[in-house]
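K.L.:
Predicted structure and sequence below. I'll ask about it afterward.
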Amino acid sequence: MRQVVISPGEDGQWVVECPSLPGCISQGATREEAVTNIKEAIDGYIAALREDGLQIPEEKFSTLIVAV
């Protein structure tokens, strides 16, 4: 299980990233598409780490919402 951050991009796409996997970023035309795409990106990222015999980073990301 991984936490992701999703936000609207400047081009109308939704941008989603997985902070616990550096560089694991995707996007989609809708939020749902972006979430589907990041799931595939996370699977591919972890598969590549396993293939290379590298350690898979633990999930250590937490969020905080600040009201301004």
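P.N.:
The structure has been received and is ready for your questions.
K.L.:
before we move on, which element is the nearest residue to N37 once chain neighbours are set aside in?
P.N.:
Among residues not flanking N37 along the chain, S26 sits closest, at 4.0 Å (Cβ to Cβ, 6 or more residues apart in numbering). From N, CA and C alone the C-beta is placed, and that goes for glycine too. Here S26, judged by DSSP states H and E, is contained in strand 25-28.
K.L.:
Kindly state the pLDDT recorded for the residue nearest to E40 when sequence neighbours are not counted?
P.N.:
Excluding its sequence neighbours, the residue lying closest to E40 (Cβ to Cβ, 6+ apart) is S26, at 7.5 Å. You'll see S26 listed with a pLDDT of 97.
K.L.:
just checking, S26 touches E33?
P.N.:
No: with contacts counted by Cβ atoms under 8 Å, S26 stays clear of E33, the gap being 9.3 Å.
K.L.:
Between the two, which is the more surrounded one?
P.N.:
S26 (23 against 15; other Cβ atoms under 10 Å).
K.L.:
what's across from the more buried one in the sheet?
P.N.:
Taking DSSP bridges as the rule, S26 bridges to V16.
K.L.:
OK, contacts around it?
P.N.:
If a contact means Cβ atoms under 8 Å, 6 or more residues apart in numbering, then S26 has 15-17, 34, 37-38, 40-41 as its contacts.
K.L.:
try 10 Å
P.N.:
S26 is in contact with 4, 6, 13-18, 33-42, 44, counting by Cβ atoms under 10 Å, 6 or more residues apart in numbering.
K.L.:
Inside strands: which ones of those?
P.N.:
Members of those lying in strands (criterion: DSSP state E): 6, 14-17.
K.L.:
quick one: which of these has the most company?
P.N.:
Neighbour counts for the ones in strands among the contacts of S26 (other Cβ under 10 Å) peak at V16, which has 24 neighbours.
K.L.:
Quick check: it vs R31, distance?
P.N.:
8 Å (Cβ to Cβ, to the nearest Å).
K.L.:
what's the overlap in contacts for those two?
P.N.:
Here V16 and R31 have I6 as joint contacts, going by Cβ under 10 Å, 6+ apart.
K.L.:
Would you map the helices across this protein?
P.N.:
31-51 (DSSP state H).
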